[in-house]
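Trainee: Would you be able to build a 3D model of this:
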Amino acid sequence: MKRVLLISAVATTSAVALAACNPGPPKADTELAVQALKTLSDDVMQGRGVGTDGGKRAIRYLEAQIDALGDAPARQPFTATIAYPDQEPFDINGVNLISIVKGKTPGEGPELVVTAHFDHLGVRDGKLYNGADDNASGAGALLSVYKSFLEDRPDHDVRIVWLDGEERRLSGAYHLVGELAADGRPRVNLNLDMISQNEDGEIYMAGARHTPELKPLVERAGKGTGLSVRFGHDDPADPPNDWTTQSDHAAFHARGVPFVYFGVEDHPHYHQPTDDFDTIPLQTYRGAVQLTVNAAHLLDAELGTLAKPLSAD
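Mentor: Residues are numbered from 1 along each chain as shown. As a prediction, the model looks like this:
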């Protein structure tokens with residue numbers, strides 16, 4: 001009996017040493033993300049149009065969820081003038097929500113900025129656009145990223161931002177970047193937009209063409225998630241398929257900041273009233289949440305070599 005205990009003790013010591021050398025993936029609370037996706041895409045949110053009652057309801061819901069995990073987020077209100085061809089310009093009023101998880105040297109050094117927009121199209125021509133994939137999926141995953149950093153503190157400051165107004169010319173993202181430009185800190189952006197709607201378990205990372213060092217990091221992040229992580233949709237020579245300017249990461253890229261963008265390809269529910277929770281392949285979504293948490297922690301570990309300051313306008 002004593003010999004068995006000794007062997008067990010040796011095995012336990014070896015396992016601890018091995019775990020220290022090869023730590024497993026960070027914990028991702030996928031059910032937290034699933035519940036948020038479901039709630040944000042419910043009819044009661046009225047499609048979360050920027051500045052609408054439904055959008056304001058989504059803000060209050062997210063604030064309560066964020067506060068329950070850590071601290072109440074800061075509100076960053078903004079006004080933007082939107083101009084479309086053949087329409088009179090109009091103003092929108094949005095609100096970004098910002099939470100910061102402090103690293104080992106708070107307020108100093110590079111910062112990781114993780115973003116996802118929570119707004120969608122609202123109600124148009126009497127039809128309700130719930131935007132489950134676009135982008136309740138990213139907003140829900142962002143809660144899991146936030147929780148993971150609270151449980152496993154980062155080396156660097158991590159700014160987590162639920163953005164408003166993406167569907168209106170990325171207005172919340174451009175406001176955020178304008179506010180960040182003043183401090184001169186180097187940054188990397190991880191942006192989540194439409195990360196759930198793919199029956200084949202495929203998700204794309206865009207941004208590696210602009211910053212090749214990101215590809216091996218994302219390949220590592222994808223291991224064990226059950227997803228097929230593909231690379232592309234970031235070639236300026238192929239404008240119809242280039243996602244570089246198609247979501248909130250565009251505001252960072254325009255100022256020279258490296259970005260990782262996770263998203264699925266367009267699907268039949270994209271910008272349609274059928275983008276509802278019950279169409280989401282939850283196995284794919286859970287894998288995408290784990291992927292984003294993995295990538296966020298790997299980016300934090302490598303931030304010193306990847307981050308770049310925002311360039312001038």
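Trainee: What average pLDDT does stretch 60-67 get?
Mentor: In this model, stretch 60-67 has a mean pLDDT of 98.
Trainee: cool, and stretch 240-253?
Mentor: On average, the pLDDT along stretch 240-253 is 97.
Trainee: What residues of that stretch count as buried?
Mentor: Residues of stretch 240-253 classed as buried by neighbour count (16 or more other Cβ atoms under 10 Å): D242, W243, T244, Q246, S247, D248, H249, A250, A251, F252, H253. Placement of C-beta: from N, CA and C, glycine included.
Trainee: can you check stretch 36-55 too?
Mentor: Within stretch 36-55, the residues that count as buried by 16+ other Cβ under 10 Å are 36-42, 45-52, 54-55.
Trainee: Three-state assignment for P212, please.
Mentor: What DSSP: H, G, I helix; E, B strand; the rest coil gives for P212 is coil.
Trainee: What about the buried residues of stretch 240-253, which are in strands?
Mentor: The members of the buried residues of stretch 240-253 all map outside strands under DSSP state E.
Trainee: want to throw those into a markdown table with distance to K127?
Mentor: Below are the buried residues of stretch 240-253 laid out as a markdown table (distance: Cβ to Cβ, whole Å):
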| residue | distance to K127 |
| --- | --- |
| D242 | 29 |
| W243 | 26 |
| T244 | 30 |
| Q246 | 23 |
| S247 | 23 |
| D248 | 25 |
| H249 | 29 |
| A250 | 28 |
| A251 | 29 |
| F252 | 33 |
| H253 | 33 |
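Trainee: Identify those among those that sit within helices.
Mentor: Counted as lying in helices by DSSP state H, out of those, are H249, A250, A251, F252, H253.
Trainee: how near is the third one to G172?
Mentor: Taking Cβ to Cβ, to the nearest Å as the measure, A251 falls 9 Å from G172.
Trainee: repeat for the last one
Mentor: Here H253 is placed at a distance of 16 Å from G172 (Cβ to Cβ).
Trainee: Name the residues of stretch 198-210 that are buried.
Mentor: N198, G201, I203, Y204, M205, A206, G207, A208, R209, H210.
Trainee: rewinding a little: looking at the buried residues of stretch 240-253, which is nearest N189?
Mentor: In terms of Cβ to Cβ, no member of the buried residues of stretch 240-253 lies closer to N189 than F252, at 4.0 Å.
Trainee: give the contact list for the closest one.
Mentor: F252 makes contacts with V113, A173, V177, R187, N189, N191, P258, F259, L310, as judged by Cβ atoms under 8 Å, 6 or more residues apart in numbering.
Trainee: Which of the ones in helices among the buried residues of stretch 240-253 sits closest to N294?
Mentor: N294 lies nearest to H249 out of those, by Cβ to Cβ, at 18.3 Å.
Trainee: The closest one and H210 touch, don't they?
Mentor: No - here H249 does not reach H210: they are 10.1 Å apart, not a contact under Cβ atoms under 8 Å.
Trainee: sorry, back to before: and the buried residues of stretch 198-210, which two are furthest apart?
Mentor: Top of the distance list for the buried residues of stretch 198-210 (Cβ to Cβ): G201 and H210, 25.6 Å.
Trainee: Tally up the residues packed near the residue lying closest to G103 once chain neighbours are set aside, please.
Mentor: In space, G103 comes closest to H156 once its chain neighbours are excluded; the distance is 4.1 Å by Cβ to Cβ, 6 or more residues apart in numbering. Neighbourhood size, H156 [other Cβ atoms under 10 Å]: 25.
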